[in-house]
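Engineer: everything below, folded, please.
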Amino acid sequence: MYKLTIDGLHKSYGDNKVLKGVSLKASSGDVICLIGASGSGKSTFLRCINFLEQPNDGAMSLDGKQIRMVSDKDGMRVADPDELQRIRTRLAMVFQH
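Structural biologist: Got it, this is the predicted structure:
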């Protein structure tokens with residue numbers, strides 16, 4: 001079982017499609033590095049994983065449990081605020097310029 005699974009994550013800002021179906025599987029203890037040019041969506045991807053930004057489409061699971069999301073005018077958000085807190089306490093991210 002994977003610690004984190006992301007399947008087909010999409011994020012757009014107006015007509016600008018930043019994430020186009022990004023998927024990822026990470027096991028417990030994995031260290032994953034995102035490398036890419038400026039503006040390629042690295043930070044947006046990390047913000048969507050922690051729901052600091054609302055993805056437009058896709059699915060996520062943490063510890064084998066599907067994260068239940070609902071859609072609103074801004075995209076998809078976690079349906080249960082307690083689950084959002086649980087997600088944020090179980091994931092870590094580091095930004096380095």
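Engineer: residues touching the residue lying closest to K20 once chain neighbours are set aside, list them.
Structural biologist: Using Cβ to Cβ, 6 or more residues apart in numbering and skipping residues adjacent in sequence, the residue nearest K20 is H10, 6.4 Å away. From N, CA and C alone the C-beta is placed, and that goes for glycine too. Contact analysis of H10 by Cβ atoms under 8 Å, 6 or more residues apart in numbering lists K17, L19, K20, G21, V22, P55, N56, D57, G58.
Engineer: kindly report the same for P55.
Structural biologist: L9, H10, K11, L19, C48, G75, M76.
Engineer: state the distance from the residue nearest to K20 to Y2.
Structural biologist: In this structure, H10 and Y2 are 20 Å apart, going by Cβ to Cβ, to the nearest Å.
Engineer: hang on, the earlier thing: in three-state terms, label the residue nearest to K20 for me.
Structural biologist: Classification of H10 using DSSP: H, G, I helix; E, B strand; the rest coil returns strand.
Engineer: what's the helix or strand for L46?
Structural biologist: L46 is part of helix 42-49 when elements are defined by DSSP states H and E.
Engineer: avg pLDDT for that helix?
Structural biologist: Helix 42-49 shows a mean pLDDT of 93.
Engineer: so how far is it off the chain centroid?
Structural biologist: In this view, helix 42-49 has its centroid 6 Å away from the chain centroid, taken as Cα atoms, centre = their mean, to the nearest Å.
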